[in-house]
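1. below are the sequence and a predicted model for it; my questions follow.
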Amino acid sequence: MGYARQHHFIGATDLPDTAPRLTIVLPYYNEEAFIGATLQSLIAQTSRDFRLVVVNNRSSDGSPALVESLLADSGLAYAHVLEETPGFLPALVRGIAEADSELLAVANADVIYPPHYVATILRLFDANPLATSVMAIDLYDPEGTELADKRKQQVLGAARFLPKKCHAGSYAQAYRMDAYRSCGGFDPAIWPYVLEDHEIMARLMRTGPSVYDRQHYCHPSPRRTNTAQVSWNQLEKILYGLVPFPLLGWFFHGFLAPRFARRKLMNAALRQRSWDVDQTDAGAAG
């Protein structure tokens, strides 16, 4: 099987009787150590009312073969496509181009999604017809533990106190497709920098609220707590919380964009992942 065929494969199970309500887009780059567990968690979903689009962003390890081996007999409706342009954002845009559904969600290759994840997305959108997005809580401890409950309280409290701000990364976000498209979607011409997940929410929430729920969560890899090299600094993060919602457009495009440009925090910087940098290099970079 040639490269193009192997990495631009649309599974035979991609022909459901009715179109799934949800498309999940999962970009990946050299995630052989993590993506298997992520895919197993999606295969185990109690609701199959979704189609999975997995985007290989020019991986050089064994992750493409692993993806095929897990999905081929999974029973999921899926597509496995290749994006040649390096970077999370081009891969994400490529995957979304495959989507034709009422709802859209983003998944990352190092996040474990509980079995009710998809069912909860559908339930929350149905229960909140004005919502443009549904956001999962990121838990770094087992569900039901004291630390997990504390994290839920923290995120839910922040969402109540700052309802027009984003409190979840892209790996925990789901959108109504019409609202996503009407705000411009993920587009490097609009926002080519990191924090694309927060910038898009500033546009999306102009037309409707985000919904958080105690039972909607996911489990990112602990490595995601080490993102200082590809994120905003503490001052910028504090200002994000303080800036009134009507000024968020200025905050991102008038204030944050030139600062990120000077620090070369383009979205492609996510390919040089902070958790892959050893402590000596990280210290020197700081």
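-> All right, it came through fine. Residues are numbered from 1 along each chain as shown.
2. all contacts plus neighbour counts: C-alpha atoms, from now on.
-> Will do.
3. next, count neighbours for Arg94.
-> Arg94 has 23 neighbouring residues, counting by other CA atoms under 10 Å.
4. the stretch 1-150 of the chain: strands as residue ranges?
-> Assigned by DSSP state E, counting those that start in this stretch, the strands in the stretch 1-150 of the chain fall at 9-10, 22-28, 50-56, 77-82, 103-106, 111-112, 133-138.
5. for the longest helix anywhere in the chain, buried residues please.
-> Longest helix in the chain by number of residues, with DSSP state H as the criterion: helix 146-161. Counting neighbours by 16 or more other CA atoms under 10 Å, one finds that the buried residues in helix 146-161 are 148, 151-152, 155-156, 159.
6. just give me the neighbour total for Gly62.
-> Here the neighbour count serves as a burial measure; for Gly62 (other CA under 10 Å) it reads 12.
7. same list (the buried residues of helix 146-161) but as CSV, adding pLDDT and distance to Gly254.
-> As requested, these are arranged in CSV below (pLDDT from 0 to 100; distance: CA to CA, whole Å):
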residue, pLDDT, distance to Gly254
Ala148, 98, 37
Arg151, 98, 32
Lys152, 98, 33
Val155, 98, 28
Leu156, 98, 29
Ala159, 97, 25
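8. of those residues, which is the nearest to Ala65?
-> Within the buried residues of helix 146-161, the smallest distance to Ala65 is 34.1 Å, found for Ala148 (CA to CA).
9. would you mind measuring from the closest one to Leu92?
-> Distance, Ala148 to Leu92, by CA to CA, to the nearest Å: 29 Å.
10. show me where the stretch 151-286 of the chain has helices.
-> The residue ranges that make up the helices of the stretch 151-286 of the chain, judged by DSSP state H, counting those that start in this stretch, are 177-182, 196-204, 234-242, 248-250, 257-262, 279-285.
11. quick one on the thing from earlier: so can I have JSON lines of the buried residues of helix 146-161 showing distance to Ala268?
-> As requested, the buried residues of helix 146-161 are exported to JSON lines (distance: CA to CA, whole Å):
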{"residue": "Ala148", "distance to Ala268": "32"}
{"residue": "Arg151", "distance to Ala268": "30"}
{"residue": "Lys152", "distance to Ala268": "31"}
{"residue": "Val155", "distance to Ala268": "28"}
{"residue": "Leu156", "distance to Ala268": "31"}
{"residue": "Ala159", "distance to Ala268": "29"}
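12. list just the nearest of those residues to Pro64.
-> Relative to Pro64, and with distances defined as CA to CA, the nearest of those is Ala148, at 32.7 Å.
13. skipping its backbone neighbours, what lies nearest the closest one in space?
-> In space, Ala148 comes closest to Asp141 once its chain neighbours are excluded; the distance is 5.4 Å by CA to CA, 6 or more residues apart in numbering.
14. and if you look at His198?
-> For His198, ignoring the flanking residues on the chain, the nearest one in space by CA to CA, 6+ apart is Cys166 at 5.8 Å.
15. which ones are touching that neighbour?
-> With contacts defined as CA atoms under 8 Å, 6 or more residues apart in numbering, Cys166 is in contact with 159, 198, 201-202.
16. quick one on the thing from earlier: can I get the strands of the stretch 1-150 of the chain in JSON lines including distance to Ala257, mean pLDDT and mean neighbour count?
-> Output for the strands of the stretch 1-150 of the chain, formatted as JSON lines (distance: least, CA to CA, whole Å; pLDDT from 0 to 100; neighbours: other CA atoms under 10 Å):
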{"stretch": "strand 9-10", "distance to Ala257": "37", "mean pLDDT": "42", "mean neighbour count": "16"}
{"stretch": "strand 22-28", "distance to Ala257": "24", "mean pLDDT": "98", "mean neighbour count": "27"}
{"stretch": "strand 50-56", "distance to Ala257": "27", "mean pLDDT": "98", "mean neighbour count": "28"}
{"stretch": "strand 77-82", "distance to Ala257": "29", "mean pLDDT": "97", "mean neighbour count": "24"}
{"stretch": "strand 103-106", "distance to Ala257": "23", "mean pLDDT": "98", "mean neighbour count": "24"}
{"stretch": "strand 111-112", "distance to Ala257": "28", "mean pLDDT": "98", "mean neighbour count": "23"}
{"stretch": "strand 133-138", "distance to Ala257": "24", "mean pLDDT": "98", "mean neighbour count": "25"}
